[in-house]
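S.K.: What follows is a predicted protein model with its sequence.
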Amino acid sequence: MTPAAAAPPPWRAVALVAWLAVATCAGVLFLPLLGGYFISDDFVPLVLLRQWQDEGALGSHLLAKFTSSLDAGANHFYRPLSYLTFGLNYLAGGVEPMGWMAVNIVLHLASGVLVAFIGVKLSRVKGGAAWAAGAGGAAMFLFAAPGGEVVAWISGRFDSMATFFTLAACAAFVSSRRRLDVAWWIALACGEAALLSKESAAVMPFAILLLAAATPPADETPDLAGRARSAIVRASPWLALAALYLLSRYFMFGSATQVYGGSDPLATALAPSRWGDVLGQLPTWLEAEFGSRRRFAWIVALTLVQVVLALAVRRGSGYAALAVAAIVASTLVLLLPHVASLPIGLGGRLFYQTFAFFGVLVAIGLSQARLRYLMWGATLGAAIFHVAAMHVTLARWQGAYGQMRGLVQQLRAFDEALGPGEFALVIVPGPYDGIPFARNAQGGLMLPPLFGRDDSHRSLVQTNEEIPEVGAKIASGVVRTLRERSVVDFLEGRAIITITPEYPTRATCWNTLARTLEPLDVGPQSSTEEYRRKLARAFAASACAADTGARSRSSASRRSPRAGGAGRT
C-alpha cells in the first residue's frame, strides 16, 4: 500500500496572506512619509521653478531640459522627465511637501508590483504559487533599507523614476507576444522614459537583451547560439535607444559617459586601485545602511542562501534566473565604483535598481527552486530583518524632517528680529544623523519660494563643514555682495570686494537638541582669519557641536559628489 501523497500547500491562501503582510508593512513604513519635508538638494528645484514661474516661462524652461543639462554646475545631469514631474508637483501644490512625497511613495510601491509581475512572468508558474512568490520578491525590494533614501528624499525621485520605467520596460517586454504589438511599443516607450529620468537607467538595454536571451519565442531554436542571435535581433530597438542616448549626451556635453564634472567613468572602472577602495569600504558602508552589525550579518547570510537557491532552480527556469542574476551584477558594475566616494550612511540610491532585480530573482527562486521551502524560510527571515532595517532608516529621515521644519520656522523668526543694518551668519548642520540636511542652504533654502527676496540679503547660512571657508569668503566680499546684490553674483565671480572686509554683526548656530538658534559670541576681530578661528572656537564650545545627532556619520569618509544643483556659497 503506497502512502498517500502530501497535499500541496494552499497557495492561493498563502499568496493572499503574503500580499496582506507586504501591504501592511508598506503602509506602516511609508504612509508616515506623507508628513515629510524638503531636505538639502530639494530646495534647488524649488528655487528654479519659482524663478521660471516669475519670468512667465516655467513651461518653456522645463521643456528645454529635454535638450540640455540640469542646472548643476559642472555636472552633466540629463534628467528632464524627472524634472518635469517636479514642475507638475510645484504647479499642483507649491511648497506643500505632501504631494511631492506622495509621488515618491507611489513610484516605490508601483515598482514593487512590477518586480512581482516580472518574477511571475519569468517563473512560468501560474496561480497562487506564482503570486505568493511575487509577494516575496516585492518585499525584498520594497523593504531593502538602502532604498529608503530614494522613497524618503524628494531628490530621490530621479532614481525612482529611472527604476520604475526600467522595470516597466522589462515587464512589457516579457509580456510581448510578437514584434510591434501593444506591449512591444509600451516597452520601447518606457525604455526611452527611463533614459530621460536618470543616468542609472543605462542598465535598461542590457536588461532587455538578457531577458530576450532568457525568453526566446516558442518557434525558435532553444540552443545557446540561437538564443544569442535571437536576443540581439529582438533587443536591437532598445540597443539603438542606448546608442542614440550616448550620442545625444556626447553632443550636449562633449562626453557620452561623464556624469559628474571632472570624473572619468571608464578610467575609474578599469582602475584596480579604485576597485580596491570600493571593496575596502563596502562592508562598512553596507553595515551603516542596515543599522546594526548583527542585523547586517543575518541579512548577508540569508541573502547568500537566497542567491544559491535561486540559481539552483528547476530545469526550464535556469536561463531566466541566470539572466536576472546577470542584470543584478550589471547594476553593481555600473554604479559600485561610486561607493568609495560616498559618506557612510548615504548613497543607498545607488543600489535601488540592484534590489529591484534581486527581488525578481528571489521571486523566481521562490516558485522554481529545488529546495523551495528552504528558499521560503530564508526569504521570510530576510524580509523580517529588512523591515526592521527600513524602519530604522526611515526614522532617521523623520528626524531630519522635524529638524528642517524647525529650522525654517526659526530662521524666519530670526530674520524678522534683525535690526536695521544687521547681518547674520547662521551655522547649520551639513548632514544630520547621516542624512544630507542643509546642503545648498544659501543658494536654495534661503531663496524664494520658502523665504522672501530680502532674507538672503540679511543672512549668510553656512554648514558646519564650511566653517573653515568662512574667513576666505568674508575676505572675498560675501557680506557686502549679499547685502547689495545676490548669492548668484558671488558664485559667478561678481563679488563686491572692499579694502576693509565687512563682517557679520551677529552669529548663531542651530541647536538640534533644543531645536532653536543659539547665539555665538565671536567677539571683535582684526582679520578674516582671526574671525574664522574665533568662530570655530565658539561653535566648538556650543551645544550645536556637542549634539551628536548633528554630527556627520561621514567625518572619516570622503565627501560625495554633489547630487543637487548649483548654489552652495
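M.R.: Received the coordinates, thanks. Numbers count the residues shown, from 1 in each chain.

S.K.: switch to C-alpha atoms for all contacts and neighbour counts from now on
M.R.: Noted.

S.K.: Quick one: mean pLDDT for stretch 485-492?
M.R.: Mean pLDDT, computed over stretch 485-492, is 84.

S.K.: Output it as PDB, restricted to C-alpha atoms.
M.R.: Extracted as PDB, the C-alpha positions of stretch 485-492 are listed here (Å, rounded to 0.1, in the frame of the first residue of the first chain):
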ATOM      1  CA  ARG A 485      23.400  92.000  -4.900                       C
ATOM      2  CA  SER A 486      22.700  88.300  -4.700                       C
ATOM      3  CA  VAL A 487      24.300  84.900  -4.000                       C
ATOM      4  CA  VAL A 488      24.400  84.300  -7.700                       C
ATOM      5  CA  ASP A 489      26.600  87.300  -8.200                       C
ATOM      6  CA  PHE A 490      29.000  85.900  -5.500                       C
ATOM      7  CA  LEU A 491      29.100  82.400  -7.000                       C
ATOM      8  CA  GLU A 492      29.700  83.700 -10.500                       C
END
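
S.K.: buried sites along it?
M.R.: R485, S486, V487, V488, F490 (16 or more other CA atoms under 10 Å).

S.K.: for this protein, which spans come out with low pLDDT?
M.R.: Judged by pLDDT under 70, the chain has its weakly predicted residues at 1-7, 72-73, 219-222, 261-271, 273-274, 336-345, 547-569.

S.K.: Which parts of the stretch 351-500 of the chain are strands?
M.R.: Secondary structure of the stretch 351-500 of the chain (DSSP state E, counting those that start in this stretch): strands located at 424-428, 431-432, 435-436, 459-463.

S.K.: show me the contacts for P237.
M.R.: L188 (CA atoms under 8 Å, 6 or more residues apart in numbering).

S.K.: One more: V14?
M.R.: V14 neighbours (CA under 8 Å, 6+ apart): G128, A129, A132.

S.K.: and the second one, helix, strand or coil?
M.R.: In three-state terms, and counting by DSSP: H, G, I helix; E, B strand; the rest coil, A129 is helix.

S.K.: what's near enough to touch it?
M.R.: Taking CA under 8 Å, 6+ apart, one finds W11, R12, V14, A15, S367 in contact with A129.

S.K.: switch the cut-off to 10 Å
M.R.: Shown in contact with A129 (CA atoms under 10 Å, 6 or more residues apart in numbering): P9, P10, W11, R12, A13, V14, A15, V120, L366, S367, Q368.

S.K.: distance between the ends of stretch 481-491?
M.R.: Distance between the two ends of stretch 481-491: 10 Å, counting by CA to CA, to the nearest Å.

S.K.: Ok, stretch 451-470 next?
M.R.: 23 Å.

S.K.: let's number from 37 now, not from 1
M.R.: Right, with 37 as the first residue, what we last looked at is stretch 487-506.

S.K.: Buried residues, the helix or strand hosting G135. List them.
M.R.: Per DSSP states H and E: G135 is located in helix 133-159. Within helix 133-159, the residues that count as buried by 16+ other CA under 10 Å are 133-141, 143-159.

S.K.: Tell me the secondary structure of the nearest residue to T552 once chain neighbours are set aside, please.
M.R.: Closest residue in space to T552, ignoring its immediate chain neighbours: W546 at 5.9 Å, by CA to CA, 6 or more residues apart in numbering. For W546, the assignment made with three-state DSSP gives strand.

S.K.: what distance separates the helix holding G135 from the middle of the whole chain?
M.R.: 15 Å (CA atoms, centre = their mean, to the nearest Å).

S.K.: and if you look at stretch 539-552?
M.R.: Distance, centroid of stretch 539-552 to centroid of chain: 30 Å (CA atoms, centre = their mean).

S.K.: which parts of it are buried?
M.R.: For stretch 539-552, the buried set under the neighbour-count rule, 16+ other CA under 10 Å, comprises Y539, P540, R542, A543, T544, C545, W546, N547, T548, R551, T552.

S.K.: now do the same end-to-end measure for that stretch.
M.R.: So stretch 539-552: terminal residues 23 Å apart, CA to CA.

S.K.: Over to stretch 549-558?
M.R.: With CA to CA, one end of stretch 549-558 sits 22 Å from the other.

S.K.: tell me what the helix or strand hosting L85 is packed against?
M.R.: Counting by DSSP H and E, the element that carries L85 is helix 79-90. Packing partners of helix 79-90 (3 or more CA pairs under 10 Å, 6 or more residues apart in numbering; DSSP states H and E): helix 94-100, helix 116-129.

S.K.: Put the alpha carbons of the helix or strand containing M176 into PDB.
M.R.: Here M176, judged by DSSP H and E, is contained in helix 164-178. Provided in PDB are the C-alpha atoms of helix 164-178 (Å, rounded to 0.1, in the frame of the first residue of the first chain):
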ATOM      1  CA  GLY A 164      -1.400  31.300  -6.200                       C
ATOM      2  CA  ALA A 165       2.100  29.800  -6.000                       C
ATOM      3  CA  ALA A 166       3.300  32.400  -8.600                       C
ATOM      4  CA  TRP A 167       1.800  35.400  -6.900                       C
ATOM      5  CA  ALA A 168       2.900  34.200  -3.400                       C
ATOM      6  CA  ALA A 169       6.400  34.100  -4.900                       C
ATOM      7  CA  GLY A 170       5.900  37.600  -6.400                       C
ATOM      8  CA  ALA A 171       5.000  39.000  -2.900                       C
ATOM      9  CA  GLY A 172       8.300  37.600  -1.600                       C
ATOM     10  CA  GLY A 173      10.200  39.200  -4.400                       C
ATOM     11  CA  ALA A 174       8.400  42.500  -3.900                       C
ATOM     12  CA  ALA A 175       9.200  42.500  -0.200                       C
ATOM     13  CA  MET A 176      12.900  42.100  -1.000                       C
ATOM     14  CA  PHE A 177      12.800  45.300  -3.000                       C
ATOM     15  CA  LEU A 178      10.300  47.400  -1.100                       C
END
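
S.K.: shouldn't Q89 be in contact with L127?
M.R.: Yes. Contact criterion CA atoms under 10 Å: Q89 and L127 qualify, at 9.4 Å.

S.K.: Can you check which of the helices and strands packed on helix 79-90 gets nearest to L368?
M.R.: helix 116-129 (22.6 Å; CA to CA).

S.K.: helices or strands up against that closest one?
M.R.: So helix 116-129, by 3+ CA pairs under 10 Å, 6+ apart, packs with helix 79-90, helix 94-100, helix 133-159, helix 193-211, helix 218-231.

S.K.: Reformat the ones you listed as JSON lines; add distance to E505.
M.R.: Formatted as JSON lines, the helices and strands packed on helix 116-129 follow (distance: least, CA to CA, whole Å):
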{"stretch": "helix 79-90", "distance to E505": "22"}
{"stretch": "helix 94-100", "distance to E505": "34"}
{"stretch": "helix 133-159", "distance to E505": "32"}
{"stretch": "helix 193-211", "distance to E505": "31"}
{"stretch": "helix 218-231", "distance to E505": "38"}
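
S.K.: Out of those, which is closest to A279?
M.R.: Evaluated over these, closeness to A279 peaks at helix 218-231, with 11.2 Å, by CA to CA.

S.K.: Of all the residues in the closest one, which ones are buried?
M.R.: For helix 218-231, by 16+ other CA under 10 Å, it's 219-231.

S.K.: Taking helix 193-211 as reference, get the angle to whichever helix or strand comes after it.
M.R.: Per DSSP H and E, helix 218-231 leads on to helix 240-250 as the next helix or strand towards the C-terminus. On the basis of axes from the mean of the first three to the mean of the last three CA atoms, to 10 degrees, helix 240-250 is oriented at 20 degrees to helix 193-211.

S.K.: for helix 240-250, packing partners?
M.R.: Against helix 240-250 (3+ CA pairs under 10 Å, 6+ apart) you get helix 193-211, helix 218-231, helix 260-289, helix 354-371.

S.K.: and with 6 Å instead?
M.R.: On a contact count with 3 or more CA pairs under 6 Å, 6 or more residues apart in numbering; DSSP states H and E, helix 240-250 meets helix 260-289, helix 354-371.
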